[in-house]
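# turn this into a model:
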Amino acid sequence: MIETVKRFLDKHGVHEVVETRIPLAPFTSLHCGGPADILIRPEYMASVPEIFRMGQILGLPITLLGNGTNVLIPDGGLRGVVVLTTALKRITVESEEITAECGVSVYNLCRTAAARGFKGIERLYGIPGTVGGAVLGNAGCFGSEISDTIVWVETLHENGRISLVSKEKAGFSYRSSNIGRTSRMITRVCFSMPEKADPELLRKTHQEYEERRRVTGHYRYPSAGSVFKKPVTDRKSRFFGMSAGELIELAGLKGVTQNGACIADYHANFIINPDYQAHFADILDLITLARRKVEENTGILLTCELRILQENGQPLDLP
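Sure thing, here's the model as predicted:
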């Protein structure tokens, strides 16, 4: 199959790195997951529509992977083609706007803004993902969301058509957007930051927020960060305002292990892989346990922020 893929791409002028049976665990922050049937690492955005067209013609599912910081991949790996977007990392700056390709890290986006004295995204420094994944899930922390400064999102459809989606039409909400429902891939994002600040002060702000993440254990062991979204509860409920981690701790699950996976004893909304021995099923079992125990204890059913993939690349919908 890989030779067929290479011949198709060569015929259509796409000269990118194409590999087979590459383990995906090293490309994820959980360090869990089996190999990709085929892995393509495009360096040029112009190659991407042809890769999707190739998938359609050859009947191969295509799965996108950025920094792999919010994804759980099966031990059996992913069928078809995995497109690793991290080499798509061009940034342009014009006036008060920054346009970033999907593979730009949130770190680098924040550094670029700070170097020019652009204020508005400094609280996001330390989020380990790429622009594409962060925008798709409207990533945020410390009271800021990446959608706060977005002007438009450029998206690619399955048929190769490119669309510009305004912030208003993207349907941003807490850790969510409508973009994945109407298109196949985020290719570029434009951010506007008219408010200015001293670059050195912005860099110090980066250090402060990164330190806050370090203190709460974000970098201690392999994890995907917060597994569950903050639940929406009735104001009259005694659980109103409580985070998912607080509810999991209330259920007595801090430190609970399942083979190589563990609900962190320092942050109950983290599932960690401390010895790099956890399997897909171990992590999924802890997710299921946490949801069940919290629901039994509070009546609240937690919603996953973590993307759990099946071998065909489609998300696994939890009951």
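
# helices of the stretch 51-200 of the chain, residue ranges please.
106-115, 131-136, 179-182, 199-215 (DSSP state H, counting those that start in this stretch).

# comparing those helices, which gets the lowest mean pLDDT score?
Of all these, mean pLDDT reaches its minimum on helix 179-182 (a mean of 87).

# off-centre distance for that one?
15 Å (Cα atoms, centre = their mean, to the nearest Å).

# keeping just the C-alphas, turn it into PDB.
Only the C-alpha atoms of helix 179-182 are listed here, as PDB (Å, rounded to 0.1, in the frame of the first residue of the first chain):
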ATOM      1  CA  ILE A 179     -15.300  23.700  12.900                       C
ATOM      2  CA  GLY A 180     -14.800  19.900  12.800                       C
ATOM      3  CA  ARG A 181     -18.500  19.400  12.000                       C
ATOM      4  CA  THR A 182     -18.300  21.400   8.800                       C
END
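
# ok, and what's touching it?
Residues outside helix 179-182 that contact it (Cβ atoms under 8 Å, 6 or more residues apart in numbering): 135-136, 153, 155, 165, 170-171, 186. To be clear about C-beta, it is placed using only N, CA and C from the backbone, and glycine gets the same treatment.

# contacts only, for P199.
By Cβ under 8 Å, 6+ apart, P199 lies in contact with 114-117.

# what subset of these is buried?
Buried subset of these (neighbour count, 16 or more other Cβ atoms under 10 Å): 114, 117.

# from the contacts of P199, which is closest to F239?
Of all the contacts of P199, F239 sits closest to A114, with 38.2 Å by Cβ to Cβ.

# in contact with the residue lying closest to that closest one once chain neighbours are set aside, which residues?
Counting by Cβ to Cβ, 6 or more residues apart in numbering, the nearest residue to A114 once its immediate chain neighbours are dropped is L202, at 3.8 Å. With contact set as Cβ under 8 Å, 6+ apart, L202 has these partners: 113-114, 117, 119, 122.

# the same query, at a cut-off of 10 Å, please.
110-111, 113-122, 125, 196 (Cβ atoms under 10 Å, 6 or more residues apart in numbering).

# give the next helix or strand downstream of the host helix or strand of A290.
Counting by DSSP states H and E, the element that carries A290 is helix 280-298. Sequence order places strand 307-308 as the next helix or strand after helix 280-298, per DSSP H and E.

# and that following strand, what does it pack onto?
strand 71-72, helix 280-298 (3 or more Cβ pairs under 10 Å, 6 or more residues apart in numbering; DSSP states H and E).

# please identify the most buried of those.
Greatest average neighbour count among the helices and strands packed on strand 307-308 goes to strand 71-72 (a mean of 24), per mean count of other Cβ atoms under 10 Å.

# partner strands of it, with direction?
strand 307-308 (parallel) (DSSP bridges).

# give me the mean pLDDT for the strand it pairs with.
The model assigns strand 307-308 a mean pLDDT of 97.

# and it, how far out from the chain's middle?
So, by Cα atoms, centre = their mean, the centroid of strand 307-308 is 10 Å from its chain's centroid.

# do you know the pLDDT at the residue nearest to S29 when sequence neighbours are not counted?
Leaving out its chain neighbours, the residue that sits closest to S29 by Cβ to Cβ, 6+ apart is T69, at 4.4 Å. What the model reports as pLDDT for T69 is 95.

# contacting residues around T69?
Listed by Cβ under 10 Å, 6+ apart, the contact set of T69 reads 28-30, 105-106, 127-130, 133-134, 139, 223-225, 306.

# surely L316 meets I283?
No. Look at L316 against I283 with Cβ atoms under 10 Å: they stay out of range, at 11.7 Å.

# shouldn't W152 be in contact with I162?
No. In this structure W152 lies outside contact range of I162 using Cβ under 10 Å: 11.8 Å.

# and the pLDDT for G77?
For G77, pLDDT reads 98.

# not counting its neighbours along the chain, what's nearest it?
Leaving aside its sequence neighbours, G77 sits nearest to G34 (Cβ to Cβ, 6+ apart; 3.2 Å).

# picking that back up, closest one of the contacts of T69 to V256?
Among the contacts of T69, and counting by Cβ to Cβ, the member closest to V256 is S223, at 14.7 Å.

# who are the contact partners of the closest one?
29-31, 69, 217, 261-262, 264, 267, 269-274, 283, 306.
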